[in-house]
Structures are given as C-alpha cells and as structure tokens.
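Peer 1: with the sequence up front, the predicted model follows.
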Amino acid sequence: MSNPTTWRILMVDDDTVTCDLVREYLEGESLVDPQDSVQVEALTEFRAALKALEEHRFDVLILDVRLQTRGETPEQEAGVAALDAIRQKRFIPVVFYTGLPHLVRHLQTPLVQVVEKTRDLPGLLEAVKSIFASRLPMVSRALLHHMEAVQRDYMWDFVAQNWEQLGDTSDRTALAYLLARRLAISLSGPGIRQLARELGDPAGAAAIEGHVHPMQYYIVPPVESAPLAGDLYQGTVSNKEGYWVLLTPSCDLVSGREKAEWVLFGHCVLLTEQAEYQNWNGSLPQPSNNARKALDGLLSNNRKDSQPERFHFLPGALSLPDLLVDFQQVEALSRTSMSNLKRLASLDSPFAEAMLSRFIRYFGRLGTPDLDLDVEVARLRSRISE
C-alpha cells in the first residue's frame with residue numbers, strides 16, 4: 001500500500017474571504033486517492049506568489065487575473081503577463097479563478113484551466129480534478145523525487161567519499177558531467193520502472209522489464225538544433241506526402257560546416273496499411289497463429305524471422321503512428337528545402353544507429369546467382385561413391 005500524499009495548492013487572490021472559502025472547501029476534498037490530503041496556502045500578492053514558487057513546491061496554482069491590473073499591466077493583457085511570469089519561475093498547472101474569464105479564455109488548455117467565479121466552488125474543484133486526471137502533477141513530483149534521490153546518494157556515497165581525488169581536479173565542470181551522466185543513466189530502464197511504481201502503475205513497471213517502452217525510441221521534440229540522422233519528419237518530398245526519416249549522416253549536417261547540399265530521406269509507410277496488419281486485424285478477436293506470427297515478424301527488428309531488411313519498424317508513441325521505414329522508397333531533397341518539412345522527433349540512441357545500420361546493410365548488399373544445388377549434391381554423391 002502506498003503512503004498517503006499531501007497535494008499542495010497555492011491560491012493567490014487579494015480577497016481573503018475567497019481564499020478562506022477555497023481553502024476550507026478544497027482541503028476537505030479528495031483529488032486522487034481517498035487516503036491523500038490537500039493543503040491550500042493562500043497569498044494576496046502576486047509578487048509574493050512568484051517568490052513562493054521559487055522557494056517551495058506546489059502541485060497546482062489558483063490565480064485571480066485582477067491581481068495584475070493595478071497599475072502594472074493593462075487589464076486585457078493581465079492573464080498573458082501573469083502566465084508568462086509564472087512560466088519563467090517554474091512549471092505548474094494553473095487555474096484562473098476569476099470574475100473576468102474573457103481576459104484569459106484564449107489561454108485555456110488542459111493544463112491552464114479557466115473558471116468563472118460565478119460557477120462557485122464546485123466549478124473550481126472540477127477544474128482542479130481535471131488537472132490531476134492528466135496525471136502530470138504525479139509524474140512531475142515522482143520525477144523530481146527520483147532525481148533528488150539520485151543526486152543525494154551520489155553526492156554522499158561517491159563524491160563525498162572520493163573528494164580527496166575529485167577535489168584536486170582543476171576542471172570543476174567534470175563534477176557536473178559526472179552527476180549529469182549519473183542522472184541520465186538512472187532514468188534508463190530501472191529508473192523508468194521505479195517511476196512507474198511510484199506512479200502506482202506496477203503493471204507498466206513489469207511490462208517493460210527487459211524490454212523498452214515505445215516512447216524510449218524518441219526524443220520529442222528534438223534537442224539538437226541541427227538535423228540528425230534518424231530524425232523523423234512530416235511533409236511532402238518529391239510530391240509524396242507522409243512521414244520521412246533522415247538517412248544522411250549527421251556529420252554532414254552539422255551547422256557551420258555542412259557538407260550535404262542534398263539529403264536522403266526514407267519514406268515511412270503506415271503499419272495499418274500493410275497486409276500483415278490487416279490480416280491480423282481482420283481475424284480478431286481470435287487471430288490465427290499464422291496471422292499473429294506474420295504481424296510479429298513485421299514488428300520485430302531483431303528477430304531472425306522478422307521482416308526483410310527492406311523495412312524497419314518504428315513504434316507509435318504520443319501522436320506518432322506505427323510506421324515502417326521502407327528502404328526501397330528513398331528520396332533526395334535539397335538541404336534548403338528541408339525547412340518545408342515539420343521536424344517531429346529524433347530517434348534516440350541506439351535506435352537511430354540500428355535503423356541506419358539496417359539501411360546500410362540493405363542498400364549495400366551484393367546479389368549473386370544462386371548455386372545450382374542439384375549439380376552440387378550430385379557432385380558430393382559422386383565423391384562418396386568413388
């Protein structure tokens with residue numbers, strides 16, 4: 001059984017009566033688990049709230065727009081100014097609880113809710129619950145706790161114990177690299193499984209044991225400003241619309257010393273359009289062993305009985321569909337025309353290298369005539385009879 005969690009909400013409103021009502025109402029509600037509790041801290045000044053966001057952690061911010069209109073910001077720009085100031089301090093979902101909803105309605109997203117005060121407290125509770133239903137507050141908290149634990153243990157158990165050696169180095173940046181690499185490795189398989197357990201998803205933690213989740217294939221959005229081999233794009237190449245993966249080596253695309261005037265793209269076809277998928281889908285809910293085996297062969301990039309090396313499977317994740325890179329559909333595009341394509345994601349290592357290695361094997365293969373086995377077997381038999 002998981003330990004009860006206290007979810008912290010920051011309320012910012014210059015009306016202390018409203019603050020007291022919101023605090024009393026929300027602290028009596030259950031947002032995620034009946035065992036959990038809610039703690040509401042109320043402030044009457046926006047500047048004080050920004051400082052509190054810097055110094056403390058909160059899961060949701062409830063904010064009155066009118067706070068930004070007192071000689072600081074035009075009323076019609078108040079919501080934008082407030083949200084921009086918050087974003088510069090910290091990521092936190094926001095609920096605008098205001099009598100002027102028209103000033104911030106255009107800012108509304110699943111993580112920026114707008115509630116008119118005339119809806120009263122039930123409407124506010126509904127908006128807060130919708131944010132928690134996204135699971136993002138839980139993911140953010142679990143991730144921060146994980147990173148703090150890794151930093152704590154690494155500093156005490158390694159850095160402090162080896163300071164005589166590490167402290168002598170003139171390269172202080174080396175310590176930052178050591179810690180950054182430790183954090184990166186901790187967020188690989190075991191770290192992700194631990195996060196899944198902390199988020200109350202034991203099935204998800206068990207499902208990825210010894211395997212990878214589809215999302216581990218991708219970096220979304222791409223981190224590097226220059227294009228990289230393995231980047232996934234969407235758009236039109238050679239009058240053909242769809243998804244494309246960049247096959248040109250990354251070293252030819254580095255900004256400032258570009259070598260490639262033309263770049264090579266592999267066309268990605270949709271898995272749902274392939275006969276193996278359609279045969280399997282059409283035989284549900286009890287597909288035959290042959291239909292399942294054919295689909296498994298199409299999806300696996302490592303098995304010996306997988307699809308021919310002409311194809312490479314890229315699993316769907318987020319808004320990306322399930323795709324097959326078709327190395328027989330390769331198109332060249334001028335480097336300057338790449339800006340017309342939408343860059344969606346980068347394939348992470350080692351998945352980018354594996355895809356490129358498969359392309360090289362397929363594209364560089366040498367075909368030879370088949371050996372006449374009847375002649376060869378007859379020759380072997382004649383040797384035995386001699």
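Peer 2: Yes, it's here. Numbering: from 1, shown residues only.
Peer 1: when you work out contacts or count neighbours from here on, use the C-alpha atoms and nothing else.
Peer 2: Noted.
Peer 1: so what strands line up beside the strand ranked longest in the chain?
Peer 2: Criterion DSSP state E: the longest strand present in the chain is strand 323-334. Under the criterion DSSP bridges, strand 323-334 sits next to strand 262-270 (antiparallel), strand 311-314 (antiparallel) in its sheet.
Peer 1: who's in contact with Leu111?
Peer 2: Pro93, Val94, Ile131 (Cα atoms under 8 Å, 6 or more residues apart in numbering).
Peer 1: how close does it get to Trp280?
Peer 2: 38 Å (Cα to Cα, to the nearest Å).
Peer 1: okay, the strands paired with strand 323-334 in a markdown table with mean pLDDT, mean neighbour count and distance to Asp374 next?
Peer 2: A markdown table is the format used below for the strands paired with strand 323-334 (pLDDT from 0 to 100; neighbours: other Cα atoms under 10 Å; distance: least, Cα to Cα, whole Å):
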| stretch | mean pLDDT | mean neighbour count | distance to Asp374 |
| --- | --- | --- | --- |
| strand 262-270 | 95 | 21 | 40 |
| strand 311-314 | 93 | 23 | 33 |
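Peer 1: how many neighbouring residues does the closest residue to Lys89 other than its chain neighbours have?
Peer 2: Once flanking residues are discounted, Lys89 sits nearest to Glu54: 6.2 Å by Cα to Cα, 6 or more residues apart in numbering. By other Cα atoms under 10 Å, 13 other residues sit near Glu54.
Peer 1: would you confirm that Ser334 contacts Phe265?
Peer 2: No: if you go by Cα atoms under 8 Å, Ser334 and Phe265 don't touch, sitting 10.7 Å apart.
Peer 1: which stretches in the stretch 201-350 of the chain count as strands?
Peer 2: 218-219, 231-237, 240-246, 262-270, 311-314, 323-334, 342-347 (DSSP state E, counting those that start in this stretch).
Peer 1: ranking these by burial, who's on top?
Peer 2: A comparison of the strands of the stretch 201-350 of the chain by mean neighbour count, using mean count of other Cα atoms under 10 Å, puts strand 311-314 on top with a mean of 23.
Peer 1: and the contacts of that one?
Peer 2: By Cα under 8 Å, 6+ apart, strand 311-314 touches 217, 298-301, 322-327, 355, 358.
Peer 1: go again with 6 Å.
Peer 2: Leu299, Leu323, Leu324, Val325, Asp326 (Cα atoms under 6 Å, 6 or more residues apart in numbering).
Peer 1: pLDDT weak spots in the stretch 151-300 of the chain?
Peer 2: 167-171, 189-190, 198-210, 255-258 (pLDDT under 70).
Peer 1: where do the helices sit along it?
Peer 2: 163-166, 173-186, 189-198, 202-207, 275-282, 289-299 (DSSP state H, counting those that start in this stretch).
Peer 1: export those helices to CSV and append columns for mean neighbour count and distance to Leu232.
Peer 2: Output for the helices of the stretch 151-300 of the chain, formatted as CSV (neighbours: other Cα atoms under 10 Å; distance: least, Cα to Cα, whole Å):
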stretch, mean neighbour count, distance to Leu232
helix 163-166, 12, 41
helix 173-186, 13, 23
helix 189-198, 19, 23
helix 202-207, 14, 26
helix 275-282, 16, 22
helix 289-299, 18, 18
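Peer 1: reformat those as JSON lines; add distance to Asp252.
Peer 2: Shown next, in JSON lines, are these (distance: least, Cα to Cα, whole Å):
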{"stretch": "helix 163-166", "distance to Asp252": "37"}
{"stretch": "helix 173-186", "distance to Asp252": "27"}
{"stretch": "helix 189-198", "distance to Asp252": "32"}
{"stretch": "helix 202-207", "distance to Asp252": "39"}
{"stretch": "helix 275-282", "distance to Asp252": "37"}
{"stretch": "helix 289-299", "distance to Asp252": "30"}
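Peer 1: what about the ones you listed, which gets the closest to Asp153?
Peer 2: helix 173-186 (10.6 Å; Cα to Cα).
Peer 1: need the contact partners of that closest one.
Peer 2: Contacts of helix 173-186 (Cα under 6 Å, 6+ apart): none.
Peer 1: give me the phi and psi for the residue nearest to the spatial centre of the chain.
Peer 2: What sits nearest the mean C-alpha location of the chain, by Cα atoms, centre = their mean, is Val220, with 5.4 Å. When read as degrees, to the nearest 10, the backbone of Val220 gives phi -130, psi 120.
Peer 1: quick check: pLDDT value at the closest residue to it other than its chain neighbours.
Peer 2: Take Val220 and drop its neighbours on the chain: the residue closest to it by Cα to Cα, 6+ apart is Ala345, 4.8 Å away. Ala345 is assigned 95 on the pLDDT scale.
Peer 1: how far away from the center of its chain is stretch 96-116?
Peer 2: Distance, stretch centre to chain centre, for stretch 96-116: 26 Å (Cα atoms, centre = their mean, to the nearest Å).
Peer 1: again with stretch 53-60
Peer 2: With Cα atoms, centre = their mean, you get 23 Å for stretch 53-60.
Peer 1: that one - what's its average pLDDT?
Peer 2: Rounded mean pLDDT across stretch 53-60 is 94.
Peer 1: export only the CA atoms of that stretch, formatted as PDB.
Peer 2: In PDB, the C-alpha atoms belonging to stretch 53-60 read as follows (Å, rounded to 0.1, in the frame of the first residue of the first chain):
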ATOM      1  CA  LEU A  53       7.000  29.300  -6.400                       C
ATOM      2  CA  GLU A  54      10.800  29.700  -6.400                       C
ATOM      3  CA  GLU A  55      11.300  28.600  -2.800                       C
ATOM      4  CA  HIS A  56       8.600  25.900  -2.400                       C
ATOM      5  CA  ARG A  57       6.900  23.200  -4.400                       C
ATOM      6  CA  PHE A  58       3.300  23.300  -5.300                       C
ATOM      7  CA  ASP A  59       1.200  21.000  -7.500                       C
ATOM      8  CA  VAL A  60      -1.400  23.500  -8.700                       C
END
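Peer 1: pull out the buried positions in it.
Peer 2: By neighbour count with 16 or more other Cα atoms under 10 Å, stretch 53-60 contains the buried residues Leu53, Phe58, Asp59, Val60.
Peer 1: thank you kindly, that will do.
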